[in-house]
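[1] only the shape, not the letters, is given here:
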């Protein structure tokens, strides 16, 4: 019985020793093998690997995937024209040299993030101080990102990190500048609106004056044409009257007397003091002769 227990304990110890010499490297990780505190080997390929049992050799793992450095708050920078702006950036990075990375940060990812944040901030400061607000916000934003990326890539190599991309998420004024910019934009819009109103009013007056002139011309031409037509009609009527009255003068005199009577006795209340034997009442006494 004691022998079986001894064999079981020995087997268990052997199994433990064997399991401590075997380790698996995931495809998403690097493995660094240490021998008595010194880096013995760096394993970059996934699979099953062997080592000496602790304390002779130990293994730590580092993330091989692309990581994102995204600052929670925007940083303040000063432009070439001495104006403060807020810049919010993010960086895509990965470990490219596990040995150098471990030596630089002792495998602590938080320390690596702090160092990357410092590198990015310094590169942004170098580029932004050379440019105006307009250039950083719109005019040369692409150039700023490329220049920052180039500087970050060079410095990150020295700590075993490779930079995949650097982007500016947001570039904005601080609150004090925002207020002044908004007021300036508002004043500019008001000025443009006033110019448009004054231009519209001037064009409106011009259109109205032109319309009034055209109306006057059209009415004058219409009146002239109407008078011409009326004159032509009166001339034709006169010619017809003259021709008709020339054929029968007595009828003409009779017709004109009737017109005079009609005009004279237009209202019943009219009173005339005239000799009844006057020529005016000739056709009241006898009919017109044929």
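    Looks like it came in fine. No experiment lies behind these values; they were computed from the predicted model shown.
[2] any weak-confidence spans in the stretch 151-290 of the chain?
    Regions of the stretch 151-290 of the chain meeting the criterion pLDDT under 70 cover residues 175-182, 245, 248, 261, 263-290.
[3] recalculate using a threshold of 50.
    Applying pLDDT under 50 to the predicted model, the residue ranges of the stretch 151-290 of the chain that meet it are 288-290.
[4] got a list of what residue 101 touches?
    For residue 101, the contacting residues are 62, 95, 107, 112, 159, 160, 161, taking CB atoms under 8 Å, 6 or more residues apart in numbering as the criterion. Where C-beta positions appear, they are placed from N, C-alpha and C, glycine not excepted.
[5] my guess is the second one contacts residue 61, does it?
    What it means is residue 95. No. In terms of CB atoms under 8 Å, residue 95 does not count as a neighbour of residue 61; the distance is 11.0 Å.
[6] can you list residues touching both of the two?
    Jointly contacting residue 95 and residue 61 under the rule CB under 8 Å, 6+ apart are residue 30.
[7] more neighbours: those two, which one.
    residue 95 (23 against 16; other CB atoms under 10 Å).
[8] next one: the more buried one from residue 78, what distance?
    Summarising the geometry, the distance separating residue 95 from residue 78, computed by CB to CB, to the nearest Å, is 33 Å.
[9] coming back round to it: by neighbour count, which of the contacts of residue 101 wins?
    The residue in the contacts of residue 101 with the most neighbours, by other CB under 10 Å, is residue 161 (25 neighbours).
[10] tell me the SS of the closest residue to that one other than its chain neighbours?
    Nearest residue to residue 161 in three dimensions, chain neighbours excluded: residue 93, at 5.4 Å (CB to CB, 6 or more residues apart in numbering). For residue 93, the secondary structure call by DSSP: H, G, I helix; E, B strand; the rest coil comes out as strand.
[11] would you map the strands across the stretch 151-290 of the chain?
    Per DSSP state E, counting those that start in this stretch, the stretch 151-290 of the chain has strands spanning 161-173. These are given in chain order.
[12] tell me which residue is most central in this structure.
    With the centre of the chain defined as its mean C-alpha position, the nearest residue by CA atoms, centre = their mean is residue 138, 13.0 Å away.
[13] quick check: can you name the pairing partners of the helix or strand encompassing residue 89 and their directions?
    Residue 89 is part of strand 84-95 when elements are defined by DSSP states H and E. In its sheet, strand 84-95 lies beside strand 67-70 (antiparallel), strand 75-78 (antiparallel), strand 161-173 (antiparallel), with partners assigned from DSSP bridges.
[14] in the second one, which residues are buried?
    In this case it means strand 75-78. Buried positions in strand 75-78, judged by neighbour count with 16 or more other CB atoms under 10 Å: 75, 77.
[15] please renumber so the chain begins at 2
    Sounds good: first residue 2 from here, last item strand 76-79.
[16] and that strand, average pLDDT?
    Here the mean pLDDT over strand 76-79 is 84, rounded to a whole number.
[17] picking up where we left off before, need the strands paired with strand 85-96 in CSV with distance to residue 230, can you?
    What follows is the strands paired with strand 85-96, written out as CSV (distance: least, CB to CB, whole Å):
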stretch, distance to residue 230
strand 68-71, 89
strand 76-79, 85
strand 162-174, 75
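[18] name the helices or strands packed onto the helix or strand containing residue 143?
    Using DSSP H and E, residue 143 sits in helix 142-158. Judged by 3 or more CB pairs under 8 Å, 6 or more residues apart in numbering; DSSP states H and E, helix 142-158 is in contact with strand 85-96, helix 110-129, strand 162-174.
[19] angle of that helix against helix 110-129?
    140 degrees (axes from the mean of the first three to the mean of the last three CA atoms, to 10 degrees).
[20] and helix 142-158, how far out from the chain middle?
    For helix 142-158, the separation from the chain centroid amounts to 29 Å (computed by CA atoms, centre = their mean, to the nearest Å).
[21] do stretch 130-141 as well
    Relative to the centre of its chain, stretch 130-141 is centred 19 Å away, using CA atoms, centre = their mean.
[22] what lies in contact with that stretch?
    Contacts of stretch 130-141 with the rest of the structure, by CB under 8 Å, 6+ apart, involve 78, 79, 80, 81, 82, 84, 86, 88, 129, 145, 172, 174.
[23] one more time with 6 Å
    Contacts with stretch 130-141, where a contact means CB atoms under 6 Å, 6 or more residues apart in numbering, come from 80, 81, 82, 84, 129, 172.
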